[in-house]
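> Dropping a prediction and its sequence here:
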Amino acid sequence: MRMEEMTSPEVEALAREGVPVILPLGSVEEHGPHLPLATDLYTAYGVAELAAQRGRALVAPPVYYGLCRSTSEHPGTVSLRGETLRALVLDLLKGFFKQGFRAFLLLSGHAGGTHLAFILDAAEEFLAHHPEAALAVVSLLDLLRERAGDLIETPGDSHAGEWETSLIQHFHPHLVRSLPPEEYPRFPRYRLVFAKRDFWPGGIWGDPTKASPDKGRLLAERLAEGLEFLLKELREEVLCGKGSAS
């Protein structure tokens, strides 16, 4: 259920039922020469909708922008500051809580460590003020490694490679261009570098040539299944009156 397509009374009814909210979080970020800049959003949004159909949840209007560090010098990447992302997530959680919702799943298609850290920080502050809420923060990449790692042929596949290309081939095949060869970043360990494209020219972390639409469908199903169980847990916490304070 896409919230932006619903009416006010319909949303009010879902809040009374204790239906969880899924907030898809993405990024506007380069994904090689073959995938759209909104890949992180499209994958999270697609999986969120599948999970909502299976586990009954409200899919909130998505957040396109995120915090992108490693790809910040690549054309097309438009990043938020961490403080902005944190404030945005916190405000959205407060807004949905005010509307009567108590269970929240923050689903990020972008798996950058700094990006996720600011989302987690916002979620922790929200939970500290609302211990009756049930809250989860999930990145698609972490969920994929847990639920569908056996489907991926490329060791360490991470960004614009096998798994993301497969999902976009499944959800939005018309947006996929010719597949480039595999590539991996060569950043020096521990050091921060200014000219990031010198160490990661193509912006790919994995092997797009091993992707396929069928693999994307299987990945989407596995990911949605994993979220279905999580949504059930969140809803049961709220309906039992335990919330995250238990």
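Arrived safely, thanks for sending. Residues are numbered from 1 along each chain as shown.
> any weak-confidence spans in the chain?
Within the chain, the ranges that satisfy pLDDT under 70 run 242-246.
> quick one, helices of it?
Using DSSP state H, the helices of the chain run over 8-17, 39-55, 82-98, 113-129, 140-147, 162-171, 213-239.
> Provide the backbone phi and psi angles at the closest residue in space to Ser79 that isn't next to it in sequence.
For Ser79, ignoring the flanking residues on the chain, the nearest one in space by C-beta to C-beta, 6 or more residues apart in numbering is Cys68 at 4.3 Å. To be clear about C-beta, it is placed using only N, CA and C from the backbone, and glycine gets the same treatment. The phi/psi pair for Cys68 (degrees, to the nearest 10) reads phi -120, psi 120.
> show me what contacts Cys68?
27-29, 77-79, 110, 112, 115 (C-beta atoms under 8 Å, 6 or more residues apart in numbering).
> Swap in 10 Å and give it another go.
27-30, 40, 74, 77-80, 110, 112, 114-115 (C-beta atoms under 10 Å, 6 or more residues apart in numbering).
> For Asp91, see how far away it is.
Cys68 is 21 Å from Asp91, where distance means C-beta to C-beta, to the nearest Å.
> next one: Tyr42
24 Å.
> In contact with the most centrally placed residue in the chain, which residues?
With distances taken as C-alpha atoms, centre = their mean, Ser108 lies nearest the centre of the chain, 2.0 Å away. By C-beta under 10 Å, 6+ apart, the contact set of Ser108 is 23-27, 40-41, 44, 63, 66, 89, 115-116, 119-120, 137-143.
> What's opposite it in the beta bridge?
In this structure, Ser108 bridges to Leu25, Ser139 when assessed by DSSP bridges.
> let's have the chain start at 40 instead
Understood, numbering begins at 40; the last thing we discussed is Ser147.
> what distance separates stretch 89-107 from the middle of the whole chain?
8 Å (C-alpha atoms, centre = their mean, to the nearest Å).
> Apologies, that question was intended for stretch 216-223.
Remark: stretch 216-223 is offset 22 Å from the chain centroid, using C-alpha atoms, centre = their mean.
> buried sites along that stretch?
For stretch 216-223, a neighbour-count test (16 or more other C-beta atoms under 10 Å) marks 218-219, 221-223 as buried.
> And for stretch 178-196?
178-180, 182-183, 186-187, 191, 193, 196.
> Kindly report the same for stretch 152-159.
154-155, 157-158.
> if we can go back for a sec, distance to Val232 added to the helices of the chain, as a markdown table?
Formatted as a markdown table, the helices of the chain follow (distance: least, C-beta to C-beta, whole Å):
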| stretch | distance to Val232 |
| --- | --- |
| helix 47-56 | 46 |
| helix 78-94 | 23 |
| helix 121-137 | 19 |
| helix 152-168 | 15 |
| helix 179-186 | 23 |
| helix 201-210 | 24 |
| helix 252-278 | 32 |
